[in-house]
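# Here's my sequence, what's the structure:
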Amino acid sequence: MKAKSIKGKSPEEIKIALQQSVADGFKPTLAVAFLSIEQNIEAICAILDKQEISIFGATSSSEFIEGEISEGSVAILLLDIKKAGFKILIENFGGRNQEEVAKAMGLSALESFKNPLFLICNSFVIAEMFSGESIISGLESTVGSHLTLWGGNAGDDKKFDHSVVFTNHQSFQTGFLMLVINGDNLSITGRAAFGWKPAGTIRTITRSDKNSIYTIDDHPALDIVFKFLGLKLTKEEPEKFIPGSATLCLVRENGAPVMRNINMYNWEDKSVSVVGKNEPGTTFRFAVPPDFEIVETVINDPQQIKDTGFTDADALVIFSCISRLDELGPMVRVEIDRLKNIFNAQMADFFTYGEFHNTTCCRVASKER
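Here you go, the predicted structure:
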């Protein structure tokens, strides 16, 4: 499989970059496209569609390609995978049971491939947040618990109004977009690393509903968060509290901890909202902001992929949580550069509004068998 990355600030620049990339006979069949909500999605799709290139696309909150972080632009990874080796599914989950939608999409994937692998992006509007657990549960019920799934949530340049997922002739503000790959023809190996360090005592969520947490250890959740952050705020100065600066590290009996970023709070009922469901009785520790050691933690993790035999990847897709850009600042560029040097593969990636692992940097490397 051959891959090339292109980028641009406008449809016109993308058109020129695409023409240059195919001048040597390269014939891409698939485009993984991440772009700003301010870009003309229809125009970008028309350019790719004219070349008969299938599109797996999502709006973002900053894009990066070849180690360069940009805002308001377009980053596209072009691949020449055989058309019979992949399938793109897109569904609107607005007003529907999300788990059932994911289940139906899983059945459709199995109709095409016995061993389907999934890359997923989801869009949202504030009024109807999606649930990553619903997607996983729905797919597991049809594909099985062994399923391979990586992905993230589309962004909108930190406007937090709505995001979009799209393919050649369809786009949704409340949608599931799946790139289903034939696992018999293409190998995908991924890793999620976060580098945040748990701190303090183990706490328990004592009252919650879906994404909202109302009490922790039977105390108002917001009060506990403020205490951890060392904040004493009045109602008149809530702008001093940045929700993303507090992260929950959920304790699990088996497997690595699950990260949950606080993305909203309610001053009136002292609740906080996180990405993902949190049942009463769930235990966690707060996670402290990262330091320079986080880069080494993240870099050493993908090196393990290469050390165990997955070398010379054809392409690399990275779903990195927007909170990493906020917290790490210039260290993010170091992280990206090191990842690119390790895999030495073409890449086009974006900052998400969280991914299925939360607050992590998910690297998905692929290679044709």
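# Buried residues, stretch 152-164. List them.
Across stretch 152-164, burial judged by 16 or more other C-beta atoms under 10 Å covers 152-157, 162-164. C-beta: built from backbone N, CA, C; applies to glycine.
# Please apply the same query to stretch 199-212.
203, 205-206, 208, 211-212.
# Between which two of these is the distance greatest?
R203 and N211 (17.8 Å; C-beta to C-beta).
# sorry, back to before: need the buried residues of stretch 199-212 in JSON lines with secondary structure, can you?
Converted to JSON lines, the buried residues of stretch 199-212 look like this (DSSP: H, G, I helix; E, B strand; the rest coil):
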{"residue": "R203", "secondary structure": "strand"}
{"residue": "I205", "secondary structure": "strand"}
{"residue": "T206", "secondary structure": "strand"}
{"residue": "S208", "secondary structure": "strand"}
{"residue": "N211", "secondary structure": "coil"}
{"residue": "S212", "secondary structure": "strand"}
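# just those residues now: which is nearest S108?
N211 (27.7 Å).
# What strand or helix carries the residue nearest to the closest one when sequence neighbours are not counted?
Counting by C-beta to C-beta, 6 or more residues apart in numbering, the nearest residue to N211 once its immediate chain neighbours are dropped is S273, at 4.9 Å. Under the criterion of DSSP states H and E, S273 resides in strand 271-274.
# who's in contact with that strand?
Contacts with strand 271-274, where a contact means C-beta atoms under 8 Å, 6 or more residues apart in numbering, come from 211-214, 220-222, 225, 243, 246, 248, 260-266.
# so of the residues you listed, which ones are in strands?
212-214, 220, 248, 260-266 (DSSP state E).
# Drop anything exposed from those.
The buried subset of these (16+ other C-beta under 10 Å) comprises 212-214, 220, 248, 260-263, 265.
# Can you tell me how far the residue nearest to K235 when sequence neighbours are not counted is from C249?
Once flanking residues are discounted, K235 sits nearest to W267: 6.0 Å by C-beta to C-beta, 6+ apart. Distance from W267 to C249, counting by C-beta to C-beta, to the nearest Å: 25 Å.
# name the element Q19 belongs to?
helix 11-21.
# Flag every buried residue along that helix.
For helix 11-21, using 16+ other C-beta under 10 Å, the buried residues are 11, 14-15, 17-18.
# now stretch 97-108
Buried, per 16+ other C-beta under 10 Å, within stretch 97-108: 98-99, 101-103, 105-106, 108.
# now those in a markdown table, with pLDDT, secondary structure and distance to G230?
Rendered in a markdown table, the data for those read as follows (pLDDT from 0 to 100; DSSP: H, G, I helix; E, B strand; the rest coil; distance: C-beta to C-beta, whole Å):
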| residue | pLDDT | secondary structure | distance to G230 |
| --- | --- | --- | --- |
| Q98 | 88 | helix | 37 |
| E99 | 90 | helix | 39 |
| V101 | 93 | helix | 42 |
| A102 | 92 | helix | 40 |
| K103 | 95 | helix | 45 |
| M105 | 95 | helix | 45 |
| G106 | 94 | helix | 45 |
| S108 | 96 | helix | 50 |
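# neighbours of I90, just the number please.
Here the number of neighbours of I90 (other C-beta atoms under 10 Å) works out to 22.
# separation between it and E111?
I90 is 16 Å from E111, by C-beta to C-beta.
# Show me where the stretch 201-350 of the chain has its helices.
Using DSSP state H, counting those that start in this stretch, the helices found in the stretch 201-350 of the chain span residues 221-229, 293-307, 322-328, 331-343.
# Rounded mean pLDDT for the last one, please.
Across helix 331-343, pLDDT averages out at 66.
# Same check on the first one?
This predicted structure assigns helix 221-229 an average pLDDT of 88.
# helices or strands up against it?
strand 212-216, strand 258-266, strand 271-274 (3 or more C-beta pairs under 8 Å, 6 or more residues apart in numbering; DSSP states H and E).
# Flag whichever of these has the least confidence on average.
Among the helices and strands packed on helix 221-229, strand 258-266 scores lowest, at a mean of 77.
# beta partners for H162?
V125 (DSSP bridges).
# Test my guess that it contacts N153.
No: when contacts are counted by C-beta atoms under 8 Å, H162 is not listed as touching N153 (11.8 Å).
# Any stretches of the chain with poor pLDDT?
For the chain, the stretches flagged by pLDDT under 70 are 65-68, 125-132, 188-198, 236-246, 252-257, 275, 288-313, 319-345, 347-369.
# Let me see the domain layout of it.
3-193+293-368, 197-288 (automatic domain parsing).
# picking that back up, of all the helices and strands packed on helix 221-229, which lies closest to S36?
S36 lies closest to strand 258-266 among these, at 20.2 Å (C-beta to C-beta).
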